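Trainee: turn this into a model:
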Amino acid sequence: MIDFRVCPHDTKKGLDKWLNIAKKIKEIFGQHVELKPFKNFDEEYAYFSKDDFKPDIYYASFDITLLLLNKGYKIIGKFKNENDVFLLISRKKFNDEKPSNITIVDKIDSFYVLYDMDFYDKNIVLSESYDDVVKKVISGGVDLGLIFKEYYDQLDQEAKDSINIIKEISLDAGHHFLVSKEFYETHQNSIKAFIKALGLGEISEENTNKLTNKLKIYYKSGNVVRTSVIRSILLESLKDINKVIISADTEKELFERICQDLVDKSRFKFVWIGKKEGEFIKPVHKCGEDDGYVDSLKISVRKDVPEGRGPAGIAYRENRIVVNENTLTSEVMKFWKDELLKRDIYTSLAIPIEKNGEVYAVISVYSNITFSFKKEFMTIFEELKKDVSFALEKIDKDKESIVLRKAADDAKMWLLITNKEGLIEYVNQYVLDLTGYKKEELIGKKPSIFKSGYQDEKFYEDLWDSILSNKPFSAIFVNKTKNGNVIYIDQTIYPVVLKDGTMKFLFVGKDITHEKVLSQELYKYRFYDTLTELPNFLAFKFYVSDVVENKRYKDFALILIDIYNMSFINSTYGFDVGNEVLKEVANILKQEFQEGFVARVGNDEFGIFVPNIESESILIYKIRSILDRKIKTTKNYISISYNVSIVLSDVAATEFEEVYSNAVVTLNLSKKEGENVIKFYESEVNTRLQEYIILEKLVERAFDEGLFRFYFQPYLGSKDLKIVGFESLIRIVDKDGTVYAPYKFIDYLENSKYIMHFEEWALKEISNKIRIFKSLDKDISISLNLSAKGILSLPDDSFIEELASVPVDVQDNLVLEITERNIIKNIEKSKKIFKSIKELNKHIKISIDDFGTGYSSLAYLKHLPVDILKIDISFVRGITTDRHDFSIVKFITGLSKDFGFKTLAEGVETKEQIDMLSSMGVDYFQGFYFAKPMLENEAIKFVLEDMKRSK
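Mentor: A predicted model of the protein is given here:
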């Protein structure tokens, strides 16, 4: 059976075409073919989160192509001379030169087209399908629409006659045929026949790599715009809800209007609000298209029944927002999965609402769009949670004016009230903080005090005409702060008539200056380093690739410079001074190599491309004269040490990747020789490069073929010698049974592009193992070793987001282990990350490995929320024969007790060591005396035997 999938835009109206292609596949491959059309783009995205979703053949759009490539799929071809073409359309009689809005399908390629046309600052309306786009345009619901040209070609003539094509936009990328790796390996000859039968253009490996890089840029740009658009939609909804909060007089009115706003403004499928009755949460109001789902719901507040383990039950019990990221794969949605999928609901959210300090109600929101509730949007829903709670208390206590004033003062939104003449009577703290004015400087003045001069008199005439007609006025206001800075406020002015007939004007807005600046600087951030303002690695790669591959210079040098003592400078003088050093070095290099191309290619590394080299000696002299000088900072003049590698054109390869690899390997050799070493690439470096390539292939194969295996070594409590937990130890186990120990590949892995992917996989794998051990009714922890190149090189919140995806009951048995030397390399970041881990779940344990081997100062310990110190094996081995080792272990044990840490002795091998460590008060033992590292089934057996001994 061949599983054949096609992009939804192609199956929507052109199903016959694909049924014919399916027949050809059956003829060529000699197997039955199952063509499974997707209902829509949202269903297609949702299926990608399923681990078992692996079709054999896929005709995919560019964003899905990129996802498939990441899954190991291979591009086999595309229809010749065919790229994705989009049409910008309007209704036939539309002739406005300044369209106010545009509707698109919620798909990354559509967002990229908006980005490419600089249309992402328009009011963007999201549609479920191209059918929906065309209907909205023809009906006049929107000014412009964006559709796929192939879809347009399939429209009937009546629809075409109602549409005006404004512009045709062609992407330098198209739909591609891809096959899974397994399918490709077993059907290569048939695939060639298939390509020939359909007249497809084949894609070479080199062009696949170029295409992948291009798609990544398209995907990233489109995703940035999508995130910005959805964020704006949610903010607009929140702004309207804030108006509801201010004006609602009853709980019923509040709930009804919140539900309606979330459905109308934010494009959610349906919303319901429920309150606790007995042991159940009963819906009290609903809105949207639920097709009877809400009426049939049975939601419990109890954890011990299936009806209580979904988002609403968890949100009620734990008073936190709970997200179902994907109905297809979410464990908590099993009980409701089938009914939700019938209604195309792929994601949902439950928001607990407090009243008087306790959870009072739950808002449940459902969407047919995957990834609607991304983590970066959670602050908006937290704001909603807080604001609705405020409103409930206001209604309940009948202290409307007091609560409104408090909510307005604390709200992170622009709030301002004027009388009918436009004189300011109230401003909240947000306005004061944003503009720099004091309250007394604004009360009694007109909002024109904020005018920047960017908007003309016609703008303000329209404003007054609208609000004096008792109609709200919405626009982006270009305002000016007290010190003259320009800010952008997305603001609505609401006329409010009080019971006595007095008119007031309520200004509600949100600062969107950051989003404006972000859109203007998107290009700059993509290709430039923000600290030094030099081109970044991506720009360096593009430039050098073009020069090398097109042979633009006869002679050139590619230089890599690493600031050898950067860690020392940061730890001694602080990161601010360290940044000054990097900026000054960047300025000097830019000044001295004006004829070349200078970039910041790593944290402490600079890359330089220098054309037309006069001589090697002159080049060395120039580099030393630059780097041997003292660098001026605000604190002092600082000397830097360095390592340099140089690759000359006469020995260089013909592609960037090879030139750069030669430079990297040479730089590593330079570092091994010590500081201030300049090293030229030599042919014997190829030996090291070959070793590097062998390791690279081993690790790649381990990922592709699933060769990574965790071994488990137990550690036991010192008092009863009962098992407490396991340390997980990674190995590569080849298909022929060869076991590769970590020392063979770990250095390469930690310094490779795979480290992030590996740690994501490792966290999921260990989470699964924890579940298995928990099923034995034994409370056992498993420790996971983390690399500094992984956790400490990620953005601060990236690892925490990944960790938060692990179920809480699994987190409770997780130990995160990192070596002392890696912690002190970046102590400030370590503190931040450890603190965030504990804020996420205080039961997650943090262990410092190899303690005492790499740092002379212990002052850092008091700032870290550490649970376990692992006493290095080098001290444990000598404890019975060396008084220095004895003293060190005794000191570490005493220090740990004073700090409230547990201690774990590694490498315990004798009874004598056990007795001595016990007398010192060491908490846990680990070593060959008890057990060697073992595979999972042996570890389970070890636990079961331990449980028998305990009875």
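Trainee: next up, phi/psi of residue 302, please.
Mentor: phi -90, psi 140 (degrees, to the nearest 10).
Trainee: which non-adjacent residue is nearest it?
Mentor: Leaving aside its sequence neighbours, residue 302 sits nearest to residue 308 (C-beta to C-beta, 6 or more residues apart in numbering; 4.4 Å). For every residue, glycine as well, the C-beta is placed using N, CA and C.
Trainee: OK, contacts around the one you found?
Mentor: Each residue near residue 308 by C-beta atoms under 8 Å, 6 or more residues apart in numbering is listed here: 299-302, 317.
Trainee: and if you look at residue 487?
Mentor: 434-435, 478-481, 511, 513.
Trainee: part of a helix, is residue 21?
Mentor: Yes. Judged by DSSP: H, G, I helix; E, B strand; the rest coil, residue 21 forms part of a helix.
Trainee: ok, the residue lying closest to it once chain neighbours are set aside - how many residues close by?
Mentor: Among residues not flanking residue 21 along the chain, residue 198 sits closest, at 7.0 Å (C-beta to C-beta, 6+ apart). When neighbours are defined as other C-beta atoms under 10 Å, residue 198 has 16 of them.
Trainee: how much space separates residue 198 from residue 73?
Mentor: 18 Å (C-beta to C-beta, to the nearest Å).
Trainee: for residue 581, same thing?
Mentor: According to C-beta to C-beta, residue 581 stands 45 Å off from residue 73.
Trainee: still on that earlier bit, just the buried members of the contacts of residue 487?
Mentor: 434-435, 478-480, 511 (16 or more other C-beta atoms under 10 Å).
Trainee: just put those residues in TSV and tack on secondary structure.
Mentor: Shown next, in TSV, are the buried ones among the contacts of residue 487 (three-state DSSP):
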residue	secondary structure
434	helix
435	helix
478	strand
479	strand
480	strand
511	strand
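Trainee: and the strands in the stretch 651-800 of the chain?
Mentor: For the stretch 651-800 of the chain, applying DSSP state E, counting those that start in this stretch gives strands covering 677-680, 708-717, 723-733, 739-740, 781-785.
Trainee: same question, the stretch 201-350 of the chain
Mentor: 270-277, 280-288, 299-300, 322-324, 347-355.
Trainee: name the single longest helix found in this protein.
Mentor: The longest helix of the chain (DSSP state H) is helix 205-247.
Trainee: could you give the mean pLDDT of that helix?
Mentor: Averaging pLDDT along helix 205-247 yields 75.
Trainee: for stretch 128-141, same thing?
Mentor: 86.
Trainee: same check on stretch 576-586?
Mentor: 92.
Trainee: likewise stretch 889-900?
Mentor: Stretch 889-900 comes out at a mean pLDDT of 90.
Trainee: stretch 743-763 now?
Mentor: Mean pLDDT, stretch 743-763: 82.
Trainee: list the buried residues of that stretch.
Mentor: For stretch 743-763, a neighbour-count test (16+ other C-beta under 10 Å) marks 745-746, 748-750, 752, 754-756, 758-759, 762-763 as buried.
Trainee: with stretch 656-673 instead?
Mentor: 656, 659-670.
Trainee: for that stretch, C-alpha coordinates in PDB please.
Mentor: This file holds the C-alpha atoms of stretch 656-673, laid out as PDB (Å, rounded to 0.1, in the frame of the first residue of the first chain):
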ATOM      1  CA  PHE A 656      32.300  27.800   0.700                       C
ATOM      2  CA  GLU A 657      31.600  24.800   2.900                       C
ATOM      3  CA  GLU A 658      35.000  23.200   2.200                       C
ATOM      4  CA  VAL A 659      36.900  26.500   2.500                       C
ATOM      5  CA  TYR A 660      35.200  27.200   5.800                       C
ATOM      6  CA  SER A 661      35.700  23.700   7.100                       C
ATOM      7  CA  ASN A 662      39.400  23.900   6.400                       C
ATOM      8  CA  ALA A 663      39.500  27.200   8.300                       C
ATOM      9  CA  VAL A 664      37.600  25.800  11.300                       C
ATOM     10  CA  VAL A 665      39.800  22.800  11.600                       C
ATOM     11  CA  THR A 666      42.900  24.900  11.300                       C
ATOM     12  CA  LEU A 667      41.600  27.300  13.900                       C
ATOM     13  CA  ASN A 668      41.000  24.400  16.300                       C
ATOM     14  CA  LEU A 669      44.600  23.200  15.700                       C
ATOM     15  CA  SER A 670      45.800  26.800  16.400                       C
ATOM     16  CA  LYS A 671      43.900  26.800  19.700                       C
ATOM     17  CA  LYS A 672      45.500  23.600  20.800                       C
ATOM     18  CA  GLU A 673      49.000  25.200  20.400                       C
END
